[in-house]
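In: here are the coordinates; sequence isn't available:
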DNA sequence: TTGAACCATTTCGGATCCAAGATGTCCGAC
DNA sequence: GTCGGACATCTTGGATCCGAAATGGTTCAA
């Protein structure tokens, strides 16, 4: 191996971030994951130009696996290629964002409908737990007198419990292909928002919580049609929430 | 360039197959396209193991661009990777197929709804033309006394006019993100069927045609809700048609 | 002063070389 | 006869090298 492999940024935990790679994996795949995480976490904000040489130094490998990693990210839409010019972290405009939400809405709606007939009691319990968490963090976010630090913590936890709820439903639907699609849509979009849901439209958070509970109830009642309609409306409303966050951060 | 570049299979028309690549493109991208076409056209049936060395000889390039092309195809799901073992053309089982259709159904349904409010008269004319073509080829397919060769021709033309109708609606919807998603879903699935719709359930073809016409009418009437419901039902019915074709080919 | 051509620099794309993982076979031991 | 291990071979993964495209700055002429 060239360069100094010991000079890795962080602690090397980038490797095997995904259990799928635990058994056997290539550097190209590990690096794809690492770059993906860096994009999502905001280390590489949208619009950033990624230089192969710089990345190869940072990861302590030659440019070959870097290029393969970038090709994969390009195929999936995380970065955009310009031949002989380099790659740049994809930046979505508002219209593309809204379409991403639309796609998620109909796909997760279909998943919710499927889940209604298949969900087990254990899975329903899991959803209830996720929603309890969600309710708690929503409360912290809406509390005006919370410190800035608390808000940041709560925002992260809010996103996490939200994901827990949504992926719980996707798993219950037993539609792995659809689940993969939604996951990739969600990852692409999460890259842009360095999520500080912060002070955004207060009532929207409350509505969001109510919607989660309504969806949960529909699933418990095995009402597929209702679950679908509610989920669709919920995600389109989340888009409104997201838009208000975007507007806000634009005014900075 | 190594090897004999003159020994290209075919006539070199693989290059610049996509106008997007016309201005500036890399060999890796051209080869990705070429392999993709080969998978779709059935040259590389599902399950085929793709050897880098063989591909590099076939395309007259070194293994480097081949590997980048395969990485891209892998990221998109056309092929599956096994580290140190090679890549294999992805084979979908019946359940994954059905999910692919479900995803298409809801996404194209949403597109149809959007199209209803935006479609122009010119675009409506184009849909009508596509459907006229579709009707014609459906007729040939249903004619029992057609020769085997005629049927093959008609089958291809049938698929083509079907795509013309569907992509016409997607374009009218002005949702490029959704359109890309659907296109990639459709490409993956078309790889499997070396489409000889042939003798499959006759009444299903007739139903398919009627559904196209109903969707067209809903769009003309600017009825988004109806267009969406009809499109969804249409694609789920197409799945039934596809399933019967699959069953049939299984009995060979 | 401005614009166009030329050259140096940077970065990428592709080719080649080498190392490492995987498979299959052959041989020997039990 | 069968099981296990060592070895030969095949294929992939990664590193390095080189040519080509794009950029930016400089110079010369109009």
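Out: Perfect, thanks for sending it. Small disclaimer: the values here were computed from a predicted structure and weren't measured.
In: ok, is the lowest-mean-pLDDT helix or strand in chain A in contact with chain B or not?
Out: Lowest on mean pLDDT, DSSP states H and E among the helices and strands of chain A sits helix A:176-192, with a mean of 82. Yes. On the criterion CB under 8 Å from any CB of the partner chain, helix A:176-192 is in touch with chain B at A:176-178, A:181. For the C-beta atoms, the positions are set from N, CA and C on the backbone; glycine is no exception.
In: Quick one: name the residues of chain A near DNA strand D.
Out: Those residues of chain A that sit near DNA strand D, judged by CB under 7 Å from any atom of the strand, are A:1-2, A:26-28, A:61-65, A:68, A:83-85.
In: Run through those residues and flag the ones next to DNA strand C.
Out: The subset of those within reach of DNA strand C, by CB under 7 Å from any atom of the strand, is A:63-64, A:83-85.
In: Include pLDDT when you put these into JSON lines, please.
Out: What follows is those, written out as JSON lines (pLDDT from 0 to 100):
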{"residue": "A:63", "pLDDT": "96"}
{"residue": "A:64", "pLDDT": "97"}
{"residue": "A:83", "pLDDT": "92"}
{"residue": "A:84", "pLDDT": "91"}
{"residue": "A:85", "pLDDT": "91"}
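In: Residue of the stretch 51-200 of chain A nearest DNA strand D, please.
Out: The nearest approach of the stretch 51-200 of chain A to DNA strand D comes at residue A:62, 3.2 Å away (CB to the nearest atom of the strand).
In: Quick check, that residue in contact with residue A:56.
Out: Yes. With contact defined as CB atoms under 8 Å, residue A:62 reaches residue A:56; the gap is 5.9 Å.
In: so where do the helices sit in the stretch 1-150 of chain A?
Out: A:27-41, A:52-59, A:63-76, A:94-118, A:121-142, A:148-173 (DSSP state H, counting those that start in this stretch).
In: what angle do the first one and helix A:52-59 make?
Out: Helix A:27-41 and helix A:52-59 meet at an angle of 100 degrees, taking axes from the mean of the first three to the mean of the last three CA atoms, to 10 degrees as the criterion.
In: now the last one
Out: Inter-element angle recorded for helix A:148-173 and helix A:52-59: 100 degrees (by the same axes, to 10 degrees).
In: Could you check the angle helix A:148-173 makes with helix A:121-142?
Out: Going by the same axes, to 10 degrees, helix A:148-173 makes 160 degrees with helix A:121-142.
In: which secondary structure elements does helix A:148-173 contact?
Out: helix A:94-118, helix A:121-142, helix A:176-192, helix A:202-220 (3 or more CB pairs under 8 Å, 6 or more residues apart in numbering or on different chains; DSSP states H and E).
In: do you know which of those helices lies nearest residue B:112?
Out: Among those, the nearest to residue B:112 by CB to CB is helix A:94-118 (11.3 Å).
In: wait, does the closest one make contact with chain B?
Out: Yes. Counting by CB under 8 Å from any CB, chain B is contacted by helix A:94-118 at A:96, A:99-100, A:102-103, A:105-107, A:109-110.
In: And these, which is closest to DNA strand C?
Out: Lowest distance from DNA strand C to these (CB to the nearest atom of the strand) belongs to residue A:96, with 23.4 Å.
In: Neighbours of that closest one, how many?
Out: Burial measure for residue A:96: 18 neighbouring residues, criterion other CB atoms under 10 Å in any protein chain shown.
In: which non-adjacent residue is nearest it?
Out: Counting by CB to CB, 6 or more residues apart in numbering or on different chains, residue A:96 lies nearest to residue B:177, which is 5.3 Å off, once chain neighbours are set aside.
In: what sits against the one you found?
Out: A:96, A:99-100, A:103 (CB atoms under 8 Å, 6 or more residues apart in numbering or on different chains).
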